[in-house]
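1. Provided below are the primary sequence and the corresponding predicted coordinates.
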Amino acid sequence: MVGLPARGKTHMAKRLCQYLRFFHGANTRVFNVGEYRRKFAGAGQTSDYFASDNKAVRMKFAQAALKDMIDFLFQEDSMSFLEQRGVDSGRVAIFDATNSTRERRRWIVDQLSALPLKLLFIESICTDEAVVEKNIRIAKISNCDYDGIMTPERAFEDFMQRVRNYEKEYQPMGVDPEEDDLSFIKLIDCGRRVESNRVHGYLLGRIAQFLSNMHATTCSIYLSRHGQSEYNALQKVGGDSVLTQMGENYALKLADFADQVVSRDPKTGEPRPTRLWTSSLQRTILTARHIQHEKIKTSVNSVWVQMAPRVLRNLDEIYAGVCDGMTYEEIRAAYPAEFELRRQNKLSYRYPRGESYLDVIARLDPLIQELESYREDVLIVGHQGVLRLIYAYFAGFDRVEAATLSIPLNTVIKLTPRTHDCIEERFCLYDPAETTEPLDPPSY
Ligand code: F6P
């Protein structure tokens with residue numbers, strides 16, 4: 001990473017880390033030099049510590065982090081570890097520091113040039129002072145360098161002085177021809193403008209795309225399974241059946257929830273722009289069909305259609321191939337070996353002529369890129385298997401855990417991802433008195 005303090009580098013590093021782990025199976029880790037400093041020199045250093053005459057002291061933390069990073073990159077994983085954790089053999093390390101001078105970047109290049117790896121610099125530039133101020137107030141003055149040590153106003157002033165110390169020496173990338181040989185992406189104002197230099201190959205391309213979609217606005221994603229379907233009630237997997245009466249009741253409750261909660265600003269109660277996605281299967285479209293599509297004014301000349309439905313085939317449920325339409329008991333009886341293989345490794349198991357969870361992860365990748373680019377909250381009406389994956393990605397679970405997570409019927413899960421965590425709320429829109437029967441088959 002490259003950039004002045006408070007330019008969202010850590011946020012980008014963390015989100016990119018989760019994306020590469022989940023969607024590309026890369027064993028990815030962030031090495032944050034600030035954490036090394038806090039560990040070795042103690043938290044609570046004031047702005048003088050970041051003056052240029054103290055560079056040599058700070059360099060020690062960068063060296064320690066880089067050394068650990070190289071050790072991490074070249075550790076070998078056993079085949080069984082890779083299989084168990086659902087990762088490929090690739091490793092990615094993100095060196096999260098300011099790296100804001102050419103000298104520092106040359107040092108990184110020199111340390112790594114003899115090693116078999118690809119090096120990409122990601123520079124974050126923010127030209128809007130108000131955004132920088134907001135970043136400092138939200139993310140910096142509450143961290144352990146300041147929390148409980150000084151008042152928020154003094155902490156803010158001190159951090160601004162720290163930024164000024166770095167500004168004195170800052171050399172953006174892409175200016176000096178000496179750096180023309182490096183691979184780098186410059187993200188200006190959260191991807192408003194993106195410049196790339198020598199960015200070639202599949203993974204670097206995906207990284208560039210992911211980062212240019214990302215932004216710093218906090219949004220929530222609401223996940224709901226469709227209402228109970230006829231196949232759920234019959235304990236069958238897959239298919240394209242319609243809703244039961246109970247499923248229809250849920251569809252009505254969900255419409256109310258979408259109107260009263262999802263589409264309204266929690267502070268003012270006023271409508272705010274929101275989006276709606278369903279799969280292409282009947283049961284999700286029917287579940288979303290009572291949701292209102294009111295038109296609201298977002299500025300003088302523009303009108304937003306609330307929850308305009310987008311039907312996405314990539315959101316369809318995991319396809320069970322020859323087992324589609326069977327109950328789990330029927331699958332166990334007809335294909336005992338297959339049943340056992342799936343029990344052993346649910347993530348990579350592929351149904352005969354059907355899909356595996358890994359296949360579904362691959363088709364969700366473009367949708368996640370799209371979701372990352374939205375600045376409005378989104379309600380996704382989907383299916384158990386697919387929602388497990390979307391939930392796991394945002395909530396920070398790894399791929400192996402994802403395949404068995406609980407995504408109950410009749411429940412809306414609200415996720416609000418942040419830099420270091422994800423806030424989760426669950427809304428049960430179901431009166432247990434409605435039935436004593438199980439709503440759908442237990443998962444295997
Ligand atoms: O049972 C509902 C369902 O959505 C099926 O259509 C689908 O095959 C299944 O859940 C996915 O869950 P699992 O991977 O646990 O079988």
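-> Now that the structure is in, tell me what you want to look at. Given the structure is predicted, the values throughout are model-derived calculations rather than measurements.

2. Could you pull out the strands in the protein for me?
-> For the chain, the strands defined by DSSP state E cover 27-32, 91-96, 120-125, 183-188, 193-197, 221-225, 274-278, 295-297, 303-305, 309-311, 377-382, 411-417, 422-428.

3. Adding mean pLDDT and distance to I149 as columns, could you present those strands in JSON lines?
-> Where C-beta positions appear, they are placed from N, C-alpha and C, glycine not excepted. As requested, these are exported to JSON lines (pLDDT from 0 to 100; distance: least, C-beta to C-beta, whole Å):
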{"stretch": "strand 27-32", "mean pLDDT": "96", "distance to I149": "20"}
{"stretch": "strand 91-96", "mean pLDDT": "97", "distance to I149": "23"}
{"stretch": "strand 120-125", "mean pLDDT": "97", "distance to I149": "27"}
{"stretch": "strand 183-188", "mean pLDDT": "96", "distance to I149": "32"}
{"stretch": "strand 193-197", "mean pLDDT": "95", "distance to I149": "37"}
{"stretch": "strand 221-225", "mean pLDDT": "98", "distance to I149": "35"}
{"stretch": "strand 274-278", "mean pLDDT": "98", "distance to I149": "40"}
{"stretch": "strand 295-297", "mean pLDDT": "94", "distance to I149": "45"}
{"stretch": "strand 303-305", "mean pLDDT": "96", "distance to I149": "44"}
{"stretch": "strand 309-311", "mean pLDDT": "97", "distance to I149": "48"}
{"stretch": "strand 377-382", "mean pLDDT": "98", "distance to I149": "36"}
{"stretch": "strand 411-417", "mean pLDDT": "97", "distance to I149": "28"}
{"stretch": "strand 422-428", "mean pLDDT": "96", "distance to I149": "26"}
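
4. so which of those strands comes closest to the ligand?
-> strand 221-225 (7.5 Å; C-beta to the nearest ligand atom).

5. how about the closest one, does it get close to the ligand?
-> No - if you take C-beta under 6 Å from any ligand atom as the test, strand 221-225 misses the ligand, and the best it gets is 7.5 Å.

6. Check stretch 267-279 too.
-> No - with C-beta under 6 Å from any ligand atom as the criterion, the ligand is not reached by stretch 267-279; the gap is at least 10.5 Å.

7. so what's I221 closest to, chain neighbours aside?
-> With sequence-adjacent residues excluded and distances taken as C-beta to C-beta, 6 or more residues apart in numbering, I221 is closest to L415, at 4.9 Å.

8. For this protein, what lies in contact range of the ligand?
-> By C-beta under 6 Å from any ligand atom, the residues of the chain that approach the ligand are 232, 237-238, 317-318, 320, 383-385, 440-441, 443.

9. JSON lines please, covering these and showing pLDDT and neighbour count.
-> Shown next, in JSON lines, are the residues of the chain next to the ligand (pLDDT from 0 to 100; neighbours: other C-beta atoms under 10 Å):
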{"residue": "N232", "pLDDT": "97", "neighbour count": "25"}
{"residue": "V237", "pLDDT": "97", "neighbour count": "26"}
{"residue": "G238", "pLDDT": "97", "neighbour count": "21"}
{"residue": "E317", "pLDDT": "98", "neighbour count": "24"}
{"residue": "I318", "pLDDT": "98", "neighbour count": "23"}
{"residue": "A320", "pLDDT": "98", "neighbour count": "21"}
{"residue": "H383", "pLDDT": "98", "neighbour count": "21"}
{"residue": "Q384", "pLDDT": "98", "neighbour count": "19"}
{"residue": "G385", "pLDDT": "98", "neighbour count": "22"}
{"residue": "D440", "pLDDT": "90", "neighbour count": "18"}
{"residue": "P441", "pLDDT": "86", "neighbour count": "16"}
{"residue": "S443", "pLDDT": "81", "neighbour count": "15"}
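
10. Out of these, list just those in helices.
-> Secondary structure defined by DSSP state H assigns 232, 384-385 of these to helices.

11. N197: which of those residues is nearest?
-> Closest approach to N197 among those (C-beta to C-beta): G385, at 40.1 Å.

12. ok, now how distant is the residue in the stretch 1-150 of the chain positioned nearest to the ligand from D48?
-> Per C-beta to the nearest ligand atom, G86 is where the stretch 1-150 of the chain lies closest to the ligand, at 14.3 Å. With distances taken as C-beta to C-beta, to the nearest Å, G86 is found 47 Å from D48.

13. for C323, same thing?
-> Relative to D48, and taking C-beta to C-beta, C323 is found at 66 Å.

14. ok, those two, which is more surrounded?
-> Neighbour tally, C323 and D48, criterion other C-beta atoms under 10 Å: the higher count belongs to C323, 23 against 12.

15. Number of residues surrounding A97?
-> A97, neighbours per other C-beta under 10 Å, totals 24.
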